[in-house]
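Participant: give the three-dimensional model of this entry:
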Amino acid sequence: MKRMGRKGSLLALGLGAALLVSAIPAVAAPLNTEGSWKQDAGQWSFVKPDGSKYQGWIYTDGSWFFLKEDGTLFSGWQKNDAGKWFFMSTLHDGTFGKLLQGWQWVGGYSYYLQEEEGPKFGELLVSSEKDGYKVDAEGHWVNAEGTPVYEAGKGYPSVEQKQSTEAAASTTPTKTIISFSGGGSGSGTGGAGGASGKKNGAKASSSNLPKPVASGSNLVASGSNMGH
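Facilitator: Numbering: from 1, shown residues only. Got it, this is the predicted structure:
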């Protein structure tokens, strides 16, 4: 049976008409957006000193995040107005909503998200090759036969993982434990990103996430921790 691809899965989940994200502001050295994280009814927002909510891209604690028109945080696969795909963390482990880069496992497939600073930062690589590994038109890492490599349950869930009761009652999402195995308008204005609602916690970096590696004549996935 043919396995449904990422885009097909998005449509099946009713996310095909999701609000398009705008391009990341082209800045060489972004400043922290002034404000702080606030959680309300399980939804995260980033609020300005006057209490109003940011919309669009913000940069804080070394990472980019995107806030919808209602001020709540995006997560999962999102498309920008140029038709390019990005992925924001779906885990409430201190990285929720963070724009990811590098090789990542998501929903059992491995993808590469651009790491180089610039207009393509975080963009999904498609129909190309990176580090000697090929990706297809939907960004899946493929084996020598051109078939997407799939490992059920590996990596970030494609959609948000709901918080536990403990985490929902917490002022930050950093207490939630990872439960799986395997695998704009928010321009910076200086200042640190929030004292009371700081959302950083454990940071995921591409250096400790599994990458596809060659093993004999077959391609396999390395690493046993959280990945794309």
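Participant: next, count neighbours for Asp70.
Facilitator: A count of nearby residues for Asp70, using other CB atoms under 10 Å, gives 10. The C-beta positions use only the backbone N, C-alpha and C, and glycine is treated the same way.
Participant: for the protein, just list every one of the helices.
Facilitator: For the chain, helices defined by DSSP state H occupy the ranges 6-12, 165-169.
Participant: from Ser75, how far off is the residue lying closest to Val47 once chain neighbours are set aside?
Facilitator: Once flanking residues are discounted, Val47 sits nearest to Lys38: 5.0 Å by CB to CB, 6 or more residues apart in numbering. Per CB to CB, to the nearest Å, Lys38 is found 16 Å from Ser75.
Participant: again, but for Gly108
Facilitator: Computed with CB to CB, the distance linking Gly108 and Ser75 is 18 Å.
Participant: isn't Lys53 right up against Trp44?
Facilitator: No. Under the criterion of CB atoms under 8 Å, Lys53 is not in contact with Trp44, lying 10.3 Å apart.
Participant: and the chain, what are its domains?
Facilitator: Taking the TED database as the reference, the chain has its domains at 35-74, 85-157.
Participant: how far does the longest one stretch from one end to the other?
Facilitator: Okay, so that is domain 85-157. Taking CA to CA, to the nearest Å, domain 85-157 runs 16 Å from one end to the other.
Participant: and if you look at stretch 99-117?
Facilitator: 13 Å.
Participant: same deal with stretch 72-81?
Facilitator: With CA to CA, one end of stretch 72-81 sits 19 Å from the other.
Participant: just for this protein, where's the confidence low?
Facilitator: Flagging of the chain using pLDDT under 70 yields the residue ranges 1-29, 163-228.
Participant: tell me which of Lys53 and Trp44 has more neighbours.
Facilitator: Trp44 (22 against 19).
Participant: the more buried one reaches Ser36, doesn't it?
Facilitator: No. With contacts counted by CB under 8 Å, Trp44 stays clear of Ser36, the gap being 11.0 Å.
Participant: give me the neighbour count for Gly76.
Facilitator: Per other CB under 10 Å, the neighbour tally for Gly76 reads 21.
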